[in-house]
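J.: Output the structure for:
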Amino acid sequence: MPSRYPGAVTQDWEPVVLHKSKQKSQDLRDPKAVNAALRSGVAVQTVKKFDAGSNKKGKSTAVPVINTKKLEEETEPAAMDRVKAEVRLMIQKARLEKKMSQADLAKQINERIQVVQEYENGKAVPNQAVLAKMEKVLGVKLRGKIGK
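T.: Predicted coordinates:
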């Protein structure tokens with residue numbers, strides 16, 4: 001049987017060379033790797049980072065250290081204004097005159113029942129939009145010169 005390929009048969013493959021992957025920087029910082037490099041005579045450079053890994057400033061800084069908690073407490077108001085007693089009573093009276101429950105009022109002003117309860121108990125921080133909705137549904141003036 002004759003050969004398909006006339007002449008000498010040669011190998012056309014390229015040689016394949018496998019290389020180790022390059023070491024990661026974290027592996028190079030490993031104390032074992034540093035000691036092995038020192039033992040083998042390779043030049044090793046070490047650098048100490050200034051203030052590395054801490055959120056505190058050194059005592060040598062010229063800028064005074066500010067306590068953020070104290071700064072935050074100074075700028076915050078002591079207490080938020082709450083709904084005044086006059087407004088609370090007006091909301092309750094108007095709601096009861098219209099024979100509405102807190103749930104009915106909340107449904108009509110498109111708010112949660114808890115919001116109406118907070119306004120009537122005086123625990124809510126007044127929101128002009130909510131008061132405007134209540135004024136519209138109850139037909140009573142709740143904003144303006146009341147309590148001033």
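J.: Tell me where this structure is predicted with low confidence.
T.: Along the chain, segments meeting pLDDT under 70 span 1-9, 50-68, 71-79, 145-148.
J.: For the nearest residue to residue 94 once chain neighbours are set aside, which residues are in contact?
T.: Among residues not flanking residue 94 along the chain, residue 138 sits closest, at 3.9 Å (C-beta to C-beta, 6 or more residues apart in numbering). Glycine gets a C-beta too; all of them are placed from N, C-alpha and C. Applying C-beta atoms under 8 Å, 6 or more residues apart in numbering, we find residue 138 in contact with 91, 94-95, 98, 105.
J.: Report the buried members of these.
T.: Among these, those buried by neighbour count (16 or more other C-beta atoms under 10 Å) are 91, 94-95, 105.
J.: Need those in a markdown table (columns: distance to residue 23).
T.: Formatted as a markdown table, the buried ones among the contacts of residue 138 follow (distance: C-beta to C-beta, whole Å):
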| residue | distance to residue 23 |
| --- | --- |
| 91 | 72 |
| 94 | 77 |
| 95 | 75 |
| 105 | 70 |
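J.: and those residues, which of them are in helices?
T.: Among the buried ones among the contacts of residue 138, DSSP state H puts 91, 94-95, 105 in helices.
J.: Quickly check those residues for the two that are furthest apart.
T.: 94 and 105 (9.2 Å; C-beta to C-beta).
J.: Run through who's touching stretch 32-47.
T.: With C-beta under 8 Å, 6+ apart, stretch 32-47 has contacts from 23, 27-28.
J.: Quick check: the gap between residue 36 and residue 44.
T.: 10 Å (C-beta to C-beta, to the nearest Å).
J.: Next: residue 98.
T.: Counting by C-beta to C-beta - residue 98 and residue 44 are separated by 84 Å.
J.: How about residue 96?
T.: Residue 96 is 84 Å from residue 44, by C-beta to C-beta.
J.: between the two, which one's more packed in?
T.: More neighbours surround residue 44 than the other of residue 96 and residue 44, with 13 against 10 (other C-beta atoms under 10 Å).
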